[in-house]
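**Student:** make a model of this:
(one chain, ligands or ions: 4)
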Amino acid sequence: MPVSDDVDATPTAPEGPALPINELFASLQGEGRLVGVPSTFVRTSGCNLRCWFCDSYHTSWEPTHAWMAVDEVAEEVRARGPDHVVLTGGEPTIHGESFDLLDRLAGDHHLTVETNGTVVPPEGTPIDLASISPKLASSTPTPDRTPEAAREIGDGDASDDDADLASDWTERHEENRINVDALATLVERYESQLKFVVTGREDMSEIVDLVDRVRDAASVSVPDDEVLLMPEGQTREQLAETRTTVAELAAEYGFRYTPRIHVDIWNDAPET
Ligand SMILES: C[S@@+](CC[C@H](N)C(=O)[O-])C[C@H]1O[C@@H](n2cnc3c(N)ncnc32)[C@H](O)[C@@H]1O
Ligand SMILES: Nc1nc2[nH]cc(C(=O)O)c2c(=O)[nH]1
Ligand code: SF4
Ligand SMILES: [Mg+2]
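**Tutor:** Ligands and ions are numbered 1, 2, ... in the order given. Here you go, the predicted model:
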């Protein structure tokens, strides 16, 4: 989707600290332990990974954004009202200015950061909930697992351009998707949830193994109820195919299940 209509489409960065903003909107937190809480979402553009199923295509595969000064983002957030703010992307932690924004908002707001867990914020960065979604092998793009396939564009066979684009990122995504030290630091420093996107039973051994590695590396405990399984799916129809399996896996393994209520309610509409 294009840059949010509500975001001033400044083509170049303004003077001073600024962020590439894809959309800024008020909605309900749709995922995780704060599901249902009215929240303002700030979605930065740009990502260091390329999940083939990324539901925010215009922040990763084809980044689209307006530039907004950090001050302007903070003002917009205040104007929207909700106490809860969700900083997401793209990958918000690849922009140093995201941490300036969190500093600006701290105190007056509850700050959730949605992150893939590959980058550690500078020490002292105020975050009330680190919502960490480490990326599994099943997220890696390949000629068969492409962004067009995820969005069900075309006849089911990837176009040559789409397959080439996906293969250009296979290695880089695979190399960078897991950083156990970063995950351990995040869970040590912040209230956290580990929110895995699950495509099927095949993902479970990797989840169990990764949770064990984070537990070994971290000096704090990571209880099972901070490990969340979330069904993969960008649309209601796709979620309908994965959610029962994922819910049953959560019950079987003793992890938590999280729905994606915004998709159930608003499907894949922008600014929801
Ligand atoms: C677009 S990402 C942005 C934040 C960060 N880059 C990350 O991946 O955590 C926001 C959330 O959506 C999840 N997500 C993205 N595509 C998804 C899909 N097709 N099905 C389920 N969850 C998805 C991510 O795992 C993450 O929890
Ligand atoms: N309603 C709603 N809840 C969300 N929780 C995390 C989201 C995200 O994209 O990071 C998200 C989102 O895109 N919409
Ligand atoms: S890490 Fe997050 S934003 Fe980046 S491609 Fe994956 S789901 Fe999309
Ligand atoms: Mg989302």
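**Student:** ok, residue 22 - how many residues close by?
**Tutor:** 27 (other C-beta atoms under 10 Å). Quick note: C-beta positions are derived from backbone N, CA and C, even for glycine.
**Student:** test my guess that it contacts residue 62.
**Tutor:** No - assessed by C-beta atoms under 8 Å, residue 22 is found out of contact with residue 62, at 10.6 Å.
**Student:** quick check: bridge partners of the single nearest residue of the stretch 151-272 of the chain relative to ligand 3?
**Tutor:** Closest approach between the stretch 151-272 of the chain and ligand 3, counting by C-beta to the nearest ligand atom: residue 197, at 7.5 Å. For residue 197, the beta-bridge partners are residue 230 (DSSP bridges).
**Student:** quick one, what contacts it?
**Tutor:** 51, 53, 133, 135-136, 139, 230-232 (C-beta atoms under 8 Å, 6 or more residues apart in numbering).
**Student:** taking those residues, tell me the two that lie furthest apart.
**Tutor:** 135 and 231 (15.5 Å; C-beta to C-beta).
**Student:** where do the helices sit along the protein?
**Tutor:** For the chain, the helices defined by DSSP state H cover 70-80, 96-105, 147-150, 160-176, 180-189, 204-217, 236-253, 261-266.
**Student:** and the fourth one, what does it pack against?
**Tutor:** So that's helix 160-176. helix 147-150 (3 or more C-beta pairs under 8 Å, 6 or more residues apart in numbering; DSSP states H and E).
**Student:** which residues touch the helix it packs on?
**Tutor:** 50, 52-54, 57, 61, 141, 154, 156, 158-159, 162, 165-166, 234.
**Student:** nearest to residue 38, of the residues you listed?
**Tutor:** Set against residue 38, the nearest of the contacts of helix 147-150 by C-beta to C-beta is residue 234 (23.0 Å).
**Student:** just the terminal-to-terminal distance for stretch 82-97.
**Tutor:** 22 Å (C-alpha to C-alpha, to the nearest Å).
**Student:** how about that stretch: buried residues?
**Tutor:** Across stretch 82-97, burial judged by 16 or more other C-beta atoms under 10 Å covers 82, 84-95, 97.
**Student:** which two from the residues you listed end up farthest apart in space?
**Tutor:** 82 and 94 (25.2 Å).
**Student:** mind putting the helices of the chain into JSON lines with mean pLDDT?
**Tutor:** Formatted as JSON lines, those follow (pLDDT from 0 to 100):
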{"stretch": "helix 70-80", "mean pLDDT": "97"}
{"stretch": "helix 96-105", "mean pLDDT": "98"}
{"stretch": "helix 147-150", "mean pLDDT": "92"}
{"stretch": "helix 160-176", "mean pLDDT": "93"}
{"stretch": "helix 180-189", "mean pLDDT": "98"}
{"stretch": "helix 204-217", "mean pLDDT": "98"}
{"stretch": "helix 236-253", "mean pLDDT": "98"}
{"stretch": "helix 261-266", "mean pLDDT": "98"}
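**Student:** what about those helices, which gets the closest to residue 119?
**Tutor:** helix 180-189 (6.4 Å).
**Student:** would that closest one count as contacting ligand 3?
**Tutor:** No - on the criterion C-beta under 6 Å from any ligand atom, helix 180-189 is out of touch with ligand 3, staying 13.2 Å away.
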